[in-house]
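# this one's sequence-less:
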């Protein structure tokens, strides 16, 4: 038999359409590749085309923290409506190891959204890596603000550390100023970082000598250009049992009231989980916030009034203690004066 195979003609090289200007620009303040070593922090991120009808093209730019240099650019052509594109820095040969980047994503034909997944699995064996795994996520910002609020920043506070990363979302270089107020109001500090457009700089409270050990701070970050901020809260001390990590985006506006769908105090079967609530005054005048807790199953609401907060200051409420104050007596399982009963709640601030 004689068999002839007819091969398809190779397609022409794909052209990535990029009409100017982009419809959406997304900013990711903290993207890493093997930060801290081969089993260090890795941050794959996913960008989704949110249009139902229109295809888009993406341009992704990676800027190095250390010197602000543009390290590499990636193009994603013809991202279909509703589809997502994932990028894994650890698998990108153009990115240097043990490095932090700020990332700018431009979507040229439609709106887009992005999420960054931060994770690390350190340890000598697979079992240790499983037990010591850490993971958190934050969303990319499409707009920023010249004032960003961080309700809970700590320096060596019961094992917690809260480095935060500031990205310049504007078109000109700026100096970002972080104003710290301790929760008890007795200590303040000011730190600043010069940041070029699209680039990021970090503040690690543990490395700052003007900040006080064992202290919680409310922070307001301000600049002449719009900013985006992400806070990474860690507790990986051996005494913590299992590592704790979570990421939050900085707040650009507040409201009164604020509605909290869920808070918990020592619910059986949840490992005695507890929801500590931190409230920051984003206004320009002093105020005394209140918290009202409504049991999920119904019943009487219980209210608490916090101390008067100066502009920018924070108040922490820990339901394990009378009036939420860790300097007061530990509450029992049942409701009593100044104490919530163990249970699940919705709350209003």
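Thanks, I have it. Note that this is a predicted model, so its numbers are computed, not measured.
# can you map out the strands along the stretch 1-150 of the chain?
With DSSP state E, counting those that start in this stretch as the criterion, the stretch 1-150 of the chain has strands at 24-33, 45-49, 56-64, 70-79, 84-87, 99-107, 112-120, 134-139, 145-155.
# redo these as CSV? Include mean neighbour count and distance to residue 246.
Heads up, the C-betas are built off the backbone N, CA and C, glycines and all. Below are the strands of the stretch 1-150 of the chain laid out as CSV (neighbours: other C-beta atoms under 10 Å; distance: least, C-beta to C-beta, whole Å):
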stretch, mean neighbour count, distance to residue 246
strand 24-33, 24, 14
strand 45-49, 22, 17
strand 56-64, 21, 25
strand 70-79, 15, 28
strand 84-87, 17, 22
strand 99-107, 23, 19
strand 112-120, 20, 10
strand 134-139, 18, 5
strand 145-155, 22, 11
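# by mean pLDDT, show me the worst of these.
Among these, strand 134-139 carries the lowest mean pLDDT, a mean of 91.
# give me the contacts around that one.
30, 113-121, 230, 232, 234, 236, 243-249 (C-beta atoms under 8 Å, 6 or more residues apart in numbering).
# what's the burial count for the nearest residue to residue 204 once chain neighbours are set aside?
Once flanking residues are discounted, residue 204 sits nearest to residue 163: 4.4 Å by C-beta to C-beta, 6 or more residues apart in numbering. Neighbourhood size, residue 163 [other C-beta atoms under 10 Å]: 17.
# okay, the residue nearest the centre of the chain: pLDDT?
Nearest to the centroid of the C-alpha atoms of the chain, with distances taken as C-alpha atoms, centre = their mean, sits residue 248, at 2.6 Å. You'll see residue 248 listed with a pLDDT of 94.
# using CSV, please lay out the strands of the stretch 1-150 of the chain together with distance to residue 337.
Formatted as CSV, the strands of the stretch 1-150 of the chain follow (distance: least, C-beta to C-beta, whole Å):
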stretch, distance to residue 337
strand 24-33, 45
strand 45-49, 49
strand 56-64, 55
strand 70-79, 58
strand 84-87, 52
strand 99-107, 49
strand 112-120, 42
strand 134-139, 38
strand 145-155, 27
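# out of these, which comes closest to residue 342?
strand 145-155 (23.8 Å; C-beta to C-beta).
# strand 99-107 and the helix or strand just after that closest one, what's the angle between them?
Next along the chain after strand 145-155, taking DSSP states H and E as the criterion, comes strand 164-168. Per axes from the mean of the first three to the mean of the last three C-alpha atoms, to 10 degrees, the angle that strand 164-168 makes with strand 99-107 is 40 degrees.
# for strand 164-168, packing partners?
strand 24-33, strand 145-155, strand 174-182, strand 188-195, strand 200-203, strand 215-235 (3 or more C-beta pairs under 8 Å, 6 or more residues apart in numbering; DSSP states H and E).
# what stretches of this protein score poorly on pLDDT?
The model of the chain has pLDDT under 70 over residues 1-15, 122-132, 238-241, 269-272.
# for residue 290, which non-adjacent residue is spatially closest?
Leaving out its chain neighbours, residue 290 is closest to residue 305 (C-beta to C-beta, 6+ apart), at 4.9 Å.
# how about the one you found, what does it touch?
Contacts of residue 305 by C-beta under 8 Å, 6+ apart are 288, 289, 290.
# give me the distance between residue 242 and residue 173.
Remark: distance between residue 242 and residue 173 (C-beta to C-beta, to the nearest Å) = 42 Å.
# give me the more crowded residue out of these two.
residue 173 (15 against 10).
# distance from stretch 162-169 to the middle of the chain?
9 Å (C-alpha atoms, centre = their mean, to the nearest Å).
# distance to residue 105 added to the helices and strands packed on strand 164-168, as JSON lines?
Shown next, in JSON lines, are those (distance: least, C-beta to C-beta, whole Å):
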{"stretch": "strand 24-33", "distance to residue 105": "4"}
{"stretch": "strand 145-155", "distance to residue 105": "19"}
{"stretch": "strand 174-182", "distance to residue 105": "21"}
{"stretch": "strand 188-195", "distance to residue 105": "18"}
{"stretch": "strand 200-203", "distance to residue 105": "14"}
{"stretch": "strand 215-235", "distance to residue 105": "12"}
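# that older thread, close enough to count as contact, the residue nearest to residue 204 and residue 232?
Yes. Between residue 163 and residue 232 there is a contact at 5.6 Å, judged by C-beta atoms under 8 Å.
# to residue 298, which of the helices and strands packed on strand 164-168 lies closest?
Taking those one by one with C-beta to C-beta, strand 145-155 is closest: 29.9 Å.
# for the closest one, packing partners?
strand 164-168, strand 215-235, strand 277-280, strand 314-317.
# helix or strand right after the second one?
I take that to be strand 215-235. Following strand 215-235 toward the C-terminus (DSSP H and E): strand 244-249.
# and the very next helix or strand once past that next one, which residues are buried?
The helix or strand immediately downstream of strand 244-249 is strand 259-265, counting by DSSP H and E. Under the neighbour-count criterion of 16 or more other C-beta atoms under 10 Å, strand 259-265 has 260, 263, 264, 265 buried.
# which one of those residues sits closest to residue 197?
Once C-beta to C-beta is applied, the member of the buried residues of strand 259-265 that ends up nearest residue 197 is residue 260, at 36.1 Å.
# that closest one contacts residue 344, doesn't it?
No. Residue 260 is beyond contact range of residue 344, at 11.7 Å (criterion: C-beta under 8 Å).
# many thanks, we can stop here.
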